[in-house]
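Enquirer: Provided below are the primary sequence and the corresponding predicted coordinates.
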Amino acid sequence: MLGDHERRTTRDFSILQELIVELARALFLRLPDAPADNDPLMQVAAQARIERLLSVAAGKIIAGGSQASFRPDRASSPSSVLPPVNSPAAP
């Protein structure tokens, strides 16, 4: 019985891994490289956004699933690090 669960879990993780790789492939094919990719400030902002995404995902998992209403502290929002990419920067 436990073996069946283990096989299903392994299969499910393999499916998720393939979906993530295909999503990344589609994203990378459609987004050209840009000079901003090597900008240290942009890299910090991107990392902050990733950390916030992971925090929200972990909070939702702990709270009981994707329908749970978990909102981390907005002070860690990447919008406090950089303005949105397509908006003019403040002087």
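Expert: Received the coordinates, thanks.
Enquirer: pLDDT of stretch 61-74, averaged?
Expert: For stretch 61-74, mean pLDDT rounds to 66.
Enquirer: Repeat that for stretch 14-34.
Expert: Average pLDDT, stretch 14-34: 93.
Enquirer: List the buried residues of whichever helix or strand residue 9 is part of.
Expert: Assignment of secondary structure by DSSP states H and E places residue 9 within helix 2-30. Buried residues in helix 2-30, counting neighbours by 16 or more other C-beta atoms under 10 Å, are absent. Placement of C-beta: from N, CA and C, glycine included.
Enquirer: list the helices and strands that helix packs on?
Expert: Using 3 or more C-beta pairs under 8 Å, 6 or more residues apart in numbering; DSSP states H and E, no helix or strand is in contact with helix 2-30.
Enquirer: Show me how far that helix is from its chain's centre.
Expert: 16 Å (C-alpha atoms, centre = their mean, to the nearest Å).
Enquirer: Likewise for stretch 29-40?
Expert: 17 Å.
Enquirer: what's downstream of the helix holding residue 9, the next helix or strand?
Expert: Following helix 2-30 toward the C-terminus (DSSP H and E): helix 40-63.
Enquirer: Would you mind giving the domain segments of the protein?
Expert: As given by automatic domain parsing, the domain ranges for the chain are 1-31, 35-91.
Enquirer: Around residue 45, count how many other residues there are.
Expert: 19 (other C-beta atoms under 10 Å).
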